[in-house]
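**Student:** Sequence first, predicted model second:
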There are 2 protein chains.
Amino acid sequence: MSEDTTGGAARRRRDKAATRAALLDAARRRFARHGFEGTGLREIAGDVGVDPALIPRYFGTKQALYAEAVQVEVPAGLAADVHAPVPHLADALLRDVVFGDWPEFDGEHPLIAMLRSAGHTGVRDLLRERLCDGYLNTLADRLEGPDAALRAELIGALLVGMGVLRSVVGSPALGAATHEQARPYVARVTAALAAPPRAGRGDQPVSSGSAGSADHSAREPS
Amino acid sequence: MSEDTTGGAARRRRDKAATRAALLDAARRRFARHGFEGTGLREIAGDVGVDPALIPRYFGTKQALYAEAVQVEVPAGLAADVHAPVPHLADALLRDVVFGDWPEFDGEHPLIAMLRSAGHTGVRDLLRERLCDGYLNTLADRLEGPDAALRAELIGALLVGMGVLRSVVGSPALGAATHEQARPYVARVTAALAAPPRAGRGDQPVSSGSAGSADHSAREPS
């Protein structure tokens, strides 16, 4: 192959890219298992068998490495269709985020791993940025009526809470449930939150006894 | 006072109770701030100014001390009325648990502090026991129709997720919301989950399919 004589630079670029990918992979697993504070750059470099000095050169600070390692692609369903209604988006998040397999994080949900590191201010900021500026703003933008941001965050709270109950708490019913079993109930909830409050049939707080009358007829998206 | 001559034993009991309470208080704050693994018995004893050897004598193991320190009373609203419908119970949990002030935990939600320690198996077990056997079973027992345990855990997921978004992530809308602002939306969600699936108006998952048919009705033990 001509590469042997002319491809030296290309090979070095490939090697560098492979080392970089291996470091990210090792970082992802170590951060997931031990949290931000419990993970050392030396250990990550050791997993890959390279000089620890490579890490600052490739990634900058430990926090920058963390941010890149725990990056989760926004599910295709969320980005693909800017006109998809909120219950469809929540359904895509449910499948891709809550019920994802996460082999690249050793099977643990990346948000859960981030929660473990949330004592570190930089990690909290990153978590907020990813979750709020990423997923939840996308949802809020598509909700009509008042309190759109609050209603979007409540959808987010349900999904995050499901992840916590499944991954951390190991609660029996959610732990055993399949995506298909959970879907209709999550669809009910997202439809209930996606519907704007209606004048004259307002959302009374529970104590008036009318909580059960909230109308969920909008729950089936087209 | 006659105590000076006859109350020696009573005073010692009082002193012991006061020391025990002070140790629990110090443990609660340390565990909340540093997690289970990051907290030492010696430091807790140091906060109170007593011999660390008192702790095993008063509480047994570190895990037993943890379990007692992070004990949260089930809100009165939940225990008071065994016939209260689920949305009322969820509303009580919202007020007392999600929007609680938790001064005794330095203002941090105790479940969040437990999540931070959830790498420790004993803490995970304790978290599951408190949450599932405590709150969520109480809800499930009052839900009619199929999937009662799953629907109860989804209500729990919403509340836990709200706590996480408020306390850990610091999401803007939920972080700024008052209990009164969140109530009507949480009431919508709990009403949607409290309603049993209806024949003929079945809960279709968002993009068709027959997910709603799974039957968990055998889940209630005698």
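**Tutor:** It's in. All values reported here derive from a predicted model rather than from experimental measurement. Residues are numbered from 1 along each chain as shown, chains lettered A, B, ... in the order given.
**Student:** residues contacting the residue of chain A found nearest chain B?
**Tutor:** Ranked by Cβ to the nearest Cβ, the top residue of chain A for proximity to chain B is A:G161, at 2.8 Å. Where you see a C-beta, it was placed from the backbone N, CA and C, and this is true even at glycine. Listed by Cβ atoms under 8 Å, 6 or more residues apart in numbering or on different chains, the contact set of A:G161 reads B:G156, B:A157, B:L158, B:L159, B:V160, B:G161, B:M162, B:V164.
**Student:** The residues you listed in helices, which ones?
**Tutor:** In helices, judged by DSSP state H, the following of those are found: B:G156, B:A157, B:L158, B:L159, B:V160, B:G161, B:M162, B:V164.
**Student:** Separate out the buried members of the residues you listed.
**Tutor:** With neighbours counted by 16 or more other Cβ atoms under 10 Å in any protein chain shown, those contain buried members at B:G156, B:A157, B:L158, B:L159, B:V160, B:G161, B:M162, B:V164.
**Student:** can you redo the residues you listed as TSV with distance to A:G7 and pLDDT?
**Tutor:** Shown next, in TSV, are those (distance: Cβ to Cβ, whole Å; pLDDT from 0 to 100):
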residue	distance to A:G7	pLDDT
B:G156	58	92
B:A157	53	94
B:L158	56	95
B:L159	58	92
B:V160	54	90
B:G161	51	92
B:M162	56	93
B:V164	50	88
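**Student:** returning to what we had before: any figure for the gap between the residue nearest to the residue of chain A closest to chain B when sequence neighbours are not counted and B:R142?
**Tutor:** The shortest distance from A:G161 to any non-neighbouring residue, by Cβ to Cβ, 6 or more residues apart in numbering or on different chains, is to B:G161 (2.8 Å). To B:R142, B:G161 is 21 Å away according to Cβ to Cβ, to the nearest Å.
**Student:** what's the answer for A:E68, then?
**Tutor:** Applying Cβ to Cβ to A:E68 and B:R142 gives a distance of 47 Å.
**Student:** just to revisit the earlier point, ok, which pair from the buried ones among the ones in helices among the contacts of A:G161 is furthest apart?
**Tutor:** B:G156 and B:V164 (12.2 Å; Cβ to Cβ).
**Student:** Pop the domain breakdown of chain A in here.
**Tutor:** A:7-69, A:76-219 (automatic domain parsing).
**Student:** thought A:P52 was touching A:A45?
**Tutor:** Yes - using Cβ atoms under 8 Å, A:P52 makes contact with A:A45 at a distance of 4.0 Å.
**Student:** Settle it for me: which of those two has more neighbours?
**Tutor:** Applying other Cβ atoms under 10 Å in any protein chain shown to A:P52 and A:A45 shows that A:A45 carries more neighbours, namely 19 against 14.
**Student:** Tabulate the buried ones among the ones in helices among the contacts of A:G161 (a markdown table), appending distance to B:H83.
**Tutor:** Listed next are these as a markdown table, based on distance: Cβ to Cβ, whole Å:
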| residue | distance to B:H83 |
| --- | --- |
| B:G156 | 21 |
| B:A157 | 25 |
| B:L158 | 23 |
| B:L159 | 21 |
| B:V160 | 25 |
| B:G161 | 28 |
| B:M162 | 26 |
| B:V164 | 31 |
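**Student:** for those residues, which one is nearest A:T121?
**Tutor:** Nearest to A:T121 among those: B:V164, at 16.6 Å, using Cβ to Cβ.
**Student:** mind listing what that closest one touches?
**Tutor:** A:L115, A:A157, A:V160, A:G161, A:V164, B:I112, B:L115.
**Student:** before we move on, back to that, measure the residue nearest to A:G161 to B:G8 for me?
**Tutor:** For B:G161 relative to B:G8 (Cβ to Cβ), the value is 53 Å.
**Student:** Could you do A:A187 as well?
**Tutor:** A:A187 is 67 Å from B:G8, by Cβ to Cβ.
**Student:** Who has more neighbours out of these two?
**Tutor:** Ranked by neighbour count (other Cβ under 10 Å), A:A187 and B:G8 place A:A187 first, with 27 against 10.
**Student:** Neighbours of the residue lying closest to A:H120 once chain neighbours are set aside, how many?
**Tutor:** Excluding its sequence neighbours, the residue lying closest to A:H120 (Cβ to Cβ, 6+ apart) is A:F36, at 4.8 Å. A:F36: 21 surrounding residues under other Cβ under 10 Å.
**Student:** ok, A:F36 touching A:A67?
**Tutor:** No - using Cβ under 8 Å, A:F36 makes no contact with A:A67, being 10.5 Å away.
**Student:** how about the helices of chain A, start to end?
**Tutor:** A:3-6, A:8-34, A:41-48, A:54-59, A:62-69, A:76-80, A:86-93, A:110-116, A:121-128, A:137-141, A:148-164, A:172-176, A:179-194.
**Student:** now the angle from the second one to helix A:62-69?
**Tutor:** Right, the one you point to is helix A:8-34. 100 degrees (axes from the mean of the first three to the mean of the last three Cα atoms, to 10 degrees).
**Student:** Check the offset of helix A:8-34 from the chain's centre.
**Tutor:** 22 Å (Cα atoms, centre = their mean, to the nearest Å).
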